[in-house]
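K.L.:
Coordinates for the following, if possible.
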Amino acid sequence: MGIHVEIYKSNGMDCTKGGESSYVKGFTITDIDGPFEPTREYPAAKIIKQKFSFGASLKLVPESKLDEPTMFGGNYAGTSDSRFGNKCREIMGEDLGNVYGLGPVKIHDRVE
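P.N.:
The predicted structure is shown next:
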């Protein structure tokens, strides 16, 4: 069970190289308590903290790609559901958004 997030895309060409965000409606974030089961239109995904030598950021990775080296394909995911922002702050250990919530998270569904 989890919550749904929507996909935000540019009007330009798709750079996911066939990643899920190029053809699904959204994702079901399974590491957040919610009423939804993953489906074909809303496959399962997780929010992951990505560490760099200069800091960290968040990424959404489809569960089907957790064991593969993924990269950002140009699409973002987000929702107005406060559970999403709360989970992102919990993962990062700090407040990443403004007073109203958190912005979209990069979707890492491109695999080469």
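
K.L.:
so what's residue 100 scoring on pLDDT?
P.N.:
Per-residue confidence (pLDDT) for residue 100: 44.

K.L.:
swap in the one 3 residues further on?
P.N.:
Predicted confidence (pLDDT) at residue 103: the value is 74.

K.L.:
Give the burial count for it, as a bare number.
P.N.:
Neighbour count for residue 103, taken as other Cβ atoms under 10 Å: 12. (Glycine included, C-beta is placed from N, CA and C.)

K.L.:
And for residue 2?
P.N.:
Other residues close to residue 2 by other Cβ under 10 Å number 21.

K.L.:
what ranges do the helices span in the chain?
P.N.:
All helices of the chain, identified by DSSP state H, fall at 82-92.

K.L.:
for it, where's the lowest mean pLDDT among helices and strands?
P.N.:
Every helix and strand in the chain was compared by mean pLDDT, DSSP states H and E; the lowest is helix 82-92, with a mean of 87.

K.L.:
Please export the C-alpha coordinates of that one as PDB.
P.N.:
Backbone C-alpha positions of helix 82-92 (Å, rounded to 0.1, in the frame of the first residue of the first chain) are rendered in PDB as follows:
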ATOM      1  CA  SER A  82       1.600  16.000   2.900                       C
ATOM      2  CA  ARG A  83       2.700  12.500   3.500                       C
ATOM      3  CA  PHE A  84       5.000  12.800   0.500                       C
ATOM      4  CA  GLY A  85       6.700  15.900   1.900                       C
ATOM      5  CA  ASN A  86       6.900  14.400   5.400                       C
ATOM      6  CA  LYS A  87       8.600  11.300   4.100                       C
ATOM      7  CA  CYS A  88      11.100  13.400   2.000                       C
ATOM      8  CA  ARG A  89      12.000  15.400   5.100                       C
ATOM      9  CA  GLU A  90      12.300  12.200   7.200                       C
ATOM     10  CA  ILE A  91      14.700  10.700   4.600                       C
ATOM     11  CA  MET A  92      16.800  13.800   4.300                       C
END
